[in-house]
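Novice: Okay, predicted coordinates and the sequence, questions at the end:
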Amino acid sequence: MPTNIIYYTDTSGFGGAEQVLLTQLKSLDRNRWCPAVICHPASGITPMMDEVRKLDLPLWLVPHMPEGIGGLLRLPSFMRKLSVWQPMIFHAHLTWPRACKYGLIGAILTRVPVIVATEHLFVDVPYNRFAILQQRLIAKGVDRYIAVSNEVSHRIHQTYGISHDKLQVIYNAVPQALSASDSLTIPADAPWSSSKMPIVLSVARLDKQKGHRYLLEAAKQVPEALFVLVGEGDERADLETYAVSLGLLDRVFFTGFRNDVPRLLAQCDVFVLPSLYEGLPISILEAMEAAKPVIATTVGGVDEEIIDGETGLLVPPADSEALAGAIRRLLADHALCRKLANAGRNRVRSVFSVQAMMQQLTQLYESLLVRSGK
């Protein structure tokens, strides 16, 4: 009989962590595992909820459990939901270090046999003694923390003192791109479709974390290219205003959320992610898998994805001049672009494949179930 697994996230936006969760749900062997998803209703995660429904999986929407007394008061109702489903495994996907706190506490208190937490991103937030104590107490009830990069694993251990035997690195993964024989033409609604200028593409939430302001400043220095920014977020209005102030109205396009990113990747010349901090960004892996030359910043686990000068180019964060220089370099050197693109795709398929991720994940589930005696 398949083993019940609850996947839980308290996110309110759709990004790389949510894409990884969906990839895991799509890739699980349904003869062995019976997954369900618990999340909080939020318009920003509608794409994720729609995909879960398409997979014909149970989707439970529960009230948000914020930090503080408000979240604590909603914990008993959450625990009753867990008791009804009776999962053998509770797997939380954390989009920042203190995410999913009450979800994990609920799983611990209802004595779910195996509790796993994936840390997708470790950011610098205030860590007073009480916050650290809370995390250490929660960690006692978590069987394994999955870090998406060695850098994230190091930060968890260093900040919370979580022992190495409770930490495991499992890299994020992306499916293989569409083959070259597939028709991937520029979308008919793309305002840049008639242009002959090279296209620089960036796919990311419009959030300060992603460093779009520096990309816009770099765009000002690269007048020979168009810049397409895919994604939605709270920073969109400010970024659009900034683009206008830089005189970029005719060369920078904000597309909002798109569900045809492979099509856009197929048509771009260079992919850029100018983040200020990261875990292990999915968009970089998608671009490398699509055989596109990538420029990114030296933050988080990005240097575990990109080998500078071999599978992509790395520049310092918050440095628009270095970013512009790297973009100009690739636009002027087609041989280098081909070299980086081919090596990047080979690296994704050898290190960041869905098969490798799922093999490690399911082996972890099995070993923890055996250890629990269940």
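Specialist: Good, I have the coordinates. Computed from a predicted model, the values in this text were never measured in an experiment.
Novice: Low-confidence ranges, the stretch 101-250 of the chain, go.
Specialist: The model of the stretch 101-250 of the chain has pLDDT under 70 over residues 178-189, 193-194.
Novice: Show me where it has its helices.
Specialist: Assigned by DSSP state H, counting those that start in this stretch, the helices in the stretch 101-250 of the chain fall at 101-109, 129-141, 150-160, 212-220, 236-245.
Novice: would CSV of the ones you listed with distance to His91 and mean neighbour count be doable?
Specialist: The way it works is simple: take the backbone N, C-alpha and C, and place the C-beta from them, glycine included. Compiled in CSV, the helices of the stretch 101-250 of the chain are given as follows (distance: least, C-beta to C-beta, whole Å; neighbours: other C-beta atoms under 10 Å):
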stretch, distance to His91, mean neighbour count
helix 101-109, 9, 22
helix 129-141, 14, 14
helix 150-160, 17, 18
helix 212-220, 31, 23
helix 236-245, 32, 15
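Novice: And those: which comes nearest Val272?
Specialist: helix 212-220 (6.1 Å; C-beta to C-beta).
Novice: And the contacts of the closest one?
Specialist: 200, 202, 204, 206, 225, 227, 229, 235, 239, 242-243, 246-248, 251-252, 272, 274, 317-321, 323-324, 327 (C-beta atoms under 8 Å, 6 or more residues apart in numbering).
Novice: So which of those residues sit within strands?
Specialist: When these are checked against strands (DSSP state E), the matches are Val200, Ser202, Phe227, Leu229, Val252, Val272.
Novice: got these as TSV, with neighbour count columns?
Specialist: TSV is the format used below for the ones in strands among the contacts of helix 212-220 (neighbours: other C-beta atoms under 10 Å):
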residue	neighbour count
Val200	25
Ser202	24
Phe227	27
Leu229	25
Val252	24
Val272	32
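Novice: Farthest pair within the residues you listed?
Specialist: Val252 and Val272 (12.4 Å).
Novice: returning to what we had before: out of the ones in strands among the contacts of helix 212-220, who's nearest Ala139?
Specialist: When these are ranked by distance to Ala139 (C-beta to C-beta), Ser202 comes first, at 35.5 Å.
Novice: what residues are up against that closest one?
Specialist: Neighbours of Ser202 in contact, by C-beta under 8 Å, 6+ apart: Lys210, His212, Leu215, Phe227, Val228, Leu229, Val230, Gly231, Phe271, Val272, Leu273, Pro274.
Novice: How much space separates it from Lys220?
Specialist: 15 Å (C-beta to C-beta, to the nearest Å).
Novice: Kindly report the same for Ile5.
Specialist: 48 Å.
Novice: just Lys210 next, same as before
Specialist: Lys210 sits 18 Å away from Lys220, going by C-beta to C-beta.
Novice: next one: Arg258
Specialist: The gap separating Arg258 from Lys220 is 24 Å, by C-beta to C-beta.
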